[in-house]
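K.L.:
Build the 3D model from these lines:
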Amino acid sequence: MRRLFKSPLYPVAQLAIATILSVGGTNSSHAEMSVSTHISTIGPGIELSYKVNSGFGVRAAWQQLSTSFDFQPEDENGVPGDELKYRGDLDLKNGSIFADWYPANNVFRITAGILLNNSGTTLTTNCETNTSDAIATNSCEVGGTSVPSGDIAELRTHIDFEEELAPYIGIGWAFQNNPHWHFNIDLGLAYLGQANVDIQSSGSCNSSSACRAQLDAEEREIEEDMESLEIFPVAKLGFGYRF
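P.N.:
Numbering: from 1, shown residues only. Predicted coordinates:
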C-alpha cells in the first residue's frame, strides 16, 4: 500500500524547505518567472519557475513517458532457462514541487521538495512463451519452485512504489547568457520507498493455496530485486525562457 509522509527523508526535506523559505523571504526584489522544457531520468517534461529574488525560487513541473519494459528475476531453483520473463509498458507520470536556495550567486542552487509519484507498470507473461527449456519441462519457476504451465496460464503483474509523495533533495545550476534564455542542470535523490508488486494468475494458481503461496514468493522476489530503486537518482537537463 502506498503511504504519505512516512519516509525517513521527510524530516531532512522539511528542514531544507524551511531553511530555504526563511532565507529566501528576506528580499522580494527582482522577481522573475520562466518556463522551460527538460529531459530527465524520470521522463521529459515542462517546468514553471518563479524566482522571488537573487537568493530564492520555487518550481513546479510535470514529467511523463511511456516505454516498453522487460524484466526477469534471478534464477532461484537452479534450473536454467525456466524463469518467467515479464513484458509490458512502463508509465512514468510524476509532478514535482521544488524550493531553491542560491547561497552565493544566481547560478548554483540547493533544492528540496517532493515528487508527486504516479509511476507504475503492468506486465504480462505466460510459461509457454518463455524459453525452450520451459516448454520442454512444461513448467516455469515461480517463487523459487517449478509450477506447471497450466496452473500459471497468464500472469498479470502490477508494480508501483509506496511513496506517493516522494521527498527530494539535490543541487543544481542555472546558467543564463542573455536576459531571457537559460540552461539548467539538476542532480538529486528521491526516496520512492519499497516496490509494491501484485501478481494475479488467470489459471488455477489463484484458487490453490500452495500455488498462491508461490505467487506471493515471486512478488517478494521481485520486490527484493527492486530494492536498489528505493532511493532513485534524478538527473535533469532543461532549456527555457525567462520573462
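K.L.:
all helices for this structure, in order.
P.N.:
Listed in chain order, the helices of the chain (DSSP state H) span 10-24, 132-137, 149-152, 209-225.
K.L.:
Disregarding flanking residues, what is the spatial nearest neighbour of residue 32?
P.N.:
Leaving aside its sequence neighbours, residue 32 sits nearest to residue 51 (Cβ to Cβ, 6 or more residues apart in numbering; 4.4 Å). Every C-beta, even on glycine, is put in place using the N, C-alpha and C of the backbone.
K.L.:
Roughly how far does the one you found sit from residue 178?
P.N.:
16 Å (Cβ to Cβ, to the nearest Å).
K.L.:
Please identify which of the two sits among more neighbours.
P.N.:
residue 51 (22 against 7; other Cβ atoms under 10 Å).
K.L.:
who's in contact with the more buried one?
P.N.:
Listed by Cβ atoms under 8 Å, 6 or more residues apart in numbering, the contact partners of residue 51 are 30-34, 57, 100.
K.L.:
Please repeat the previous calculation with a cut-off of 10 Å.
P.N.:
Taking Cβ atoms under 10 Å, 6 or more residues apart in numbering, we find residue 51 in contact with 24, 30-34, 57-59, 100, 102, 106, 109, 174, 242.
K.L.:
I figured residue 31 hits residue 52, correct?
P.N.:
Yes - contact criterion Cβ atoms under 10 Å: residue 31 and residue 52 qualify, at 5.7 Å.
K.L.:
More neighbours: which of those two?
P.N.:
For residue 31 versus residue 52, neighbours defined as other Cβ under 10 Å are more numerous around residue 52 (19 against 10).
K.L.:
Residue 43 is in contact with residue 117, isn't it?
P.N.:
No - counting by Cβ under 10 Å, residue 117 is not a contact partner of residue 43; they are 11.5 Å apart.
K.L.:
Between the two, which contacts overlap?
P.N.:
92-94.
K.L.:
what pairs with residue 242 across the strands?
P.N.:
Judged by DSSP bridges, the bridge partners of residue 242 are residue 34.
K.L.:
List the contacts of it.
P.N.:
32-36, 49, 51, 174, 176, 178-182.
K.L.:
repeat that for 6 Å
P.N.:
32, 34, 180, 182 (Cβ atoms under 6 Å, 6 or more residues apart in numbering).
K.L.:
likewise residue 70?
P.N.:
For residue 70, the contacting residues are residue 87, by Cβ under 6 Å, 6+ apart.
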